[in-house]
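>>> when you get a sec, could you give me coordinates for this:
(2 chains)
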2 protein chains.
Amino acid sequence: MATYLERSKDDLLKELDSLAVEYADRATMLYELDMSRGKPSPEQLELSMDMLRLDPYRLSYSRDAIDARNYGYLTGLPEAKELFADILEVEDENIIVGGSSSLALMYECFANAVLFGVGGGKPWKDQGKIKFLCPVPGYDRHFAICKQFGAEMINVPCNENGPDMELVRSLVENDESVKGIWCVPKYSNPQGITYSAETVEAFAALKPVAKDFRIFWDNAYVIHGFCDEDDELANIFEICKKHGSEDMVYEFASTSKICFPGTGIAAVAASSKNIKELTQRFSIQAVCYDKLNQMRHVHFFDDEGGVREHMKKHAACLKPRFDCCLEILERELAPLGIGNWTKPKGGYFISYDGIKNTAKRSLQLCEDLGVKFTTAGATFPNGKDPEDKNIRLAPSYPSIEELKECIEVFCLCQRIAAIEAIVNDTPNC
Amino acid sequence: MATYLERSKDDLLKELDSLAVEYADRATMLYELDMSRGKPSPEQLELSMDMLRLDPYRLSYSRDAIDARNYGYLTGLPEAKELFADILEVEDENIIVGGSSSLALMYECFANAVLFGVGGGKPWKDQGKIKFLCPVPGYDRHFAICKQFGAEMINVPCNENGPDMELVRSLVENDESVKGIWCVPKYSNPQGITYSAETVEAFAALKPVAKDFRIFWDNAYVIHGFCDEDDELANIFEICKKHGSEDMVYEFASTSKICFPGTGIAAVAASSKNIKELTQRFSIQAVCYDKLNQMRHVHFFDDEGGVREHMKKHAACLKPRFDCCLEILERELAPLGIGNWTKPKGGYFISYDGIKNTAKRSLQLCEDLGVKFTTAGATFPNGKDPEDKNIRLAPSYPSIEELKECIEVFCLCQRIAAIEAIVNDTPNC
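Next up, the predicted model:
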């Protein structure tokens, strides 16, 4: 079969006519489907119900007879720190366990830097225009934090090894207004790629002009592989030690996609110096976080091994969904040469790149049929995909049957949008 | 019996000698007692254990089949909003239910005003020096927020009806740099007083020069009476409506002292305009807060009536403790005329005023015996009690037996410090 780009305009217009018929048929289905966000499915939520059945007194007393039901222990209970330390391969004392949201921890680290400065530096708010590097495509909520604080976002392209480190280095090592970078280093949002050892090494080796430059290492999918073979992410803190650059990194994780979203526990890992600074700042904001929920996690999992076992059950829910998406994409779109997509071994997303100027149009067509995807552009700072071609697919939430419909609709609309773009323009694949 | 101020120097020095003997006796007890913070006692924590025994599926599904275990509903579940709305006597839509800490909500309201402004006003950070009014004595964590943001704190004296409203009015209505005031309007921390209807009316009637002036109405003890007769606090939002000043108030509450400290749910009540602004800002910080914990509260209490019934059990723990303190103070100190103290009908504290220049010295004497109280000065901005006489007593946590020892030690040390002060100075009662 010839790809769309190889076909004549007449052929394409004929194809468009037949796609229009299929589209009209689909319109009679009155879909109400949503695969816009990376939400666990109801089936996944069922996996953690025993967490809500733990003995109240087991939850109440932490090590050394700490009463988890009362005030105190701002930075987390010892066993909760240990759990995250084991997952993130750092020392317990390099962990602060916070509330239920890792996004909130990222926001607070950013806000504290803006308001009060980092590592003895001037508050970012008093340093004029600041810039943040944003590997793209990326996570819209990271970009929203930058936008909220008026930080200029600089797109950094990614390949299968992570961000373009030559570009990162030249920006960071030549511009003092570059204050940080957002990274999802494992099973990235949305590509599902994992940064290579070389990429992590290059991060640790950075020599920023700005002494208050910080890497926001959002390790949201640290143990979220769903294939037999797991991606390996190098431990950035280990490598930083070699370079004396531990203070440059804030690492984040949470159990939102391990147990219950919004009801998990979140943590930040950092150098001793950073932990001390954050502890002082957090001490103004709260007396303590929810320690009973910390205990719930500790007893539900026992230890890091327990978390890994539990993640296999999530994998069993997620793998077939990703397979379903990838099969349909392969079958429907690969022969037409109008898009390419990632094939992740973990995480919550597939990153799809169509031909130029098709993302918005195709998702509008989907939405008109009642099928919702992540908004076109959301994977770029300020919602602006310069080529209007990237789409984040989030296969986790719908049932397989729904997913099948969603992706078939997606492929149909991609085909229509691609033909329209080719016929009207000279697209650049 | 003559008061200390009526006695001769010789008499006082003899008394001091005999107190020194008693002090030396007490020193052999090797106390390790702490009544520094307003922590519920273990007995109180037991009251809510059934909250940890609720059926997991009852917790999982909110009204309209909302799955409380998944992402979404940033501003809280409908039934959690309703619970707080009933307690605070506002409409459900004027509530945001947040995480576990009302202090965190206060901090965020403050931080957002500093960073982004309030009600369309310029960010506080761009308005030069800002000032905050601090009714004194007050809550150290409120003052710590001001200090963190570099806001100048202005002491406002209180009487049994609340802050000196003449002073508040003149400051607020003549100085644009006055941006807010901290209030604990019911069973205040530390006095345990409740603002009179006239005081609340005077607050609602304020006409601040600063359009972005905000009252931080920390209603931490809204249903925390422990006597048969409960103090009445007028509903500030009701009165504000008359004056068109609803936008001037943020009200805060939490269940930390209703169920488990640090594990409760917190809420902010505000005008529709303020709720809209806060919602936009909170949407950058988190996807949602812990909704399973919201459901836990909703089902444990059923409704506001259930909360009130539950509070009677807390009252049964707290009342005897306050009685014990007040009896000993009355017996040991009243005849000597060296101090006076509040006699609250609710809340967590007694405010004690000794004679000038005795607070630090007496608490040092206590600490040397192994009995810890809230640091002298903590009830004032920057830890500076200008007369060094106010002490916050927190009777909730120790057992009655321990409490008896604590307060007897306190009285002994107050007597020693008072005699020292009288003999060395001319004190001003």
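>>> from here on, contacts and neighbour counts on C-alpha atoms
Fine.
>>> may I see the buried residues of the top helix by length along chain A?
Counting by DSSP state H, the longest helix found in chain A is helix A:304-332. By neighbour count with 16 or more other CA atoms under 10 Å in any protein chain shown, helix A:304-332 contains the buried residues A:304, A:307-308, A:310-312, A:314-315, A:317-319, A:321-322, A:324-326, A:328-330, A:332.
>>> same question for stretch A:121-130.
Judged by neighbour count (16+ other CA under 10 Å), stretch A:121-130 contains these buried residues: A:123-125, A:130.
>>> what sits up against the strand or helix carrying A:Phe282?
Applying DSSP states H and E as the criterion places A:Phe282 in helix A:272-285. Residues outside helix A:272-285 that contact it (CA atoms under 8 Å, 6 or more residues apart in numbering or on different chains): A:74-75, A:93-96, A:109, A:112, A:119, A:247, A:269, B:103-104, B:107, B:141, B:144-145, B:148.
>>> ok, back up a step: same for the helix or strand just after the longest helix of chain A, what does it pack against?
Tracing the chain C-terminally past helix A:304-332 and defining elements by DSSP H and E, one meets strand A:339-341 next. Counting contacts by 3 or more CA pairs under 8 Å, 6 or more residues apart in numbering or on different chains; DSSP states H and E, strand A:339-341 is packed against strand A:350-354.
>>> which strands or helices does the strand it packs on pack on?
If you count contacts as 3+ CA pairs under 8 Å, 6+ apart, strand A:350-354 packs onto strand A:339-341, strand A:390-393.
>>> parallel or antiparallel, which strands does it pair with?
In the sheet, strand A:350-354 lines up against strand A:339-341 (antiparallel), strand A:390-393 (antiparallel) (DSSP bridges).
>>> winner for burial among these?
strand A:390-393 (a mean of 28; mean count of other CA atoms under 10 Å in any protein chain shown).
>>> the longest helix of chain A packs against which elements?
Here helix A:304-332 touches helix A:42-46, helix A:78-88, helix A:400-424, going by 3+ CA pairs under 8 Å, 6+ apart.
>>> for the first one, name the packing helices and strands.
Read it as helix A:42-46. With 3+ CA pairs under 8 Å, 6+ apart as the test, helix A:42-46 has helix A:304-332 packed against it.
>>> can you list the residues of chain A near chain B?
Proximity of chain A to chain B, by CA under 8 Å from any CA of the partner chain, involves residues A:39-40, A:45, A:49, A:52-53, A:55-56, A:69-71, A:99-101, A:103-104, A:107, A:115, A:141, A:144-145, A:148, A:260-264, A:284-293.
>>> drop anything exposed from the residues you listed.
Neighbour counting by 16+ other CA under 10 Å classes A:39-40, A:45, A:49, A:52, A:56, A:69-71, A:99-101, A:103-104, A:107, A:115, A:141, A:144-145, A:260-264, A:284-293 among the residues of chain A next to chain B as buried.
>>> how near is the closest residue to A:Glu160 other than its chain neighbours to A:Thr342?
Ranked by CA to CA, 6 or more residues apart in numbering or on different chains and with sequence neighbours excluded, the top spatial neighbour of A:Glu160 is A:Ile193, at 6.1 Å. Relative to A:Thr342, A:Ile193 is positioned 8 Å away (CA to CA, to the nearest Å).
>>> look at the two and report which has more neighbours.
Shown here are A:Ile193 and A:Thr342; by other CA atoms under 10 Å in any protein chain shown, A:Ile193 has more neighbours (27 against 16).
>>> how far away is the more buried one from B:Cys413?
As for A:Ile193, its distance to B:Cys413 is 66 Å (criterion: CA to CA).
>>> and the contacts of stretch A:84-100?
Residues from elsewhere that reach stretch A:84-100 (CA under 8 Å, 6+ apart): A:74-78, A:80-82, A:105, A:222-223, A:235, A:237, A:254, A:256, A:262-272, A:275, A:279, A:289-290, A:304, B:99, B:289-290.
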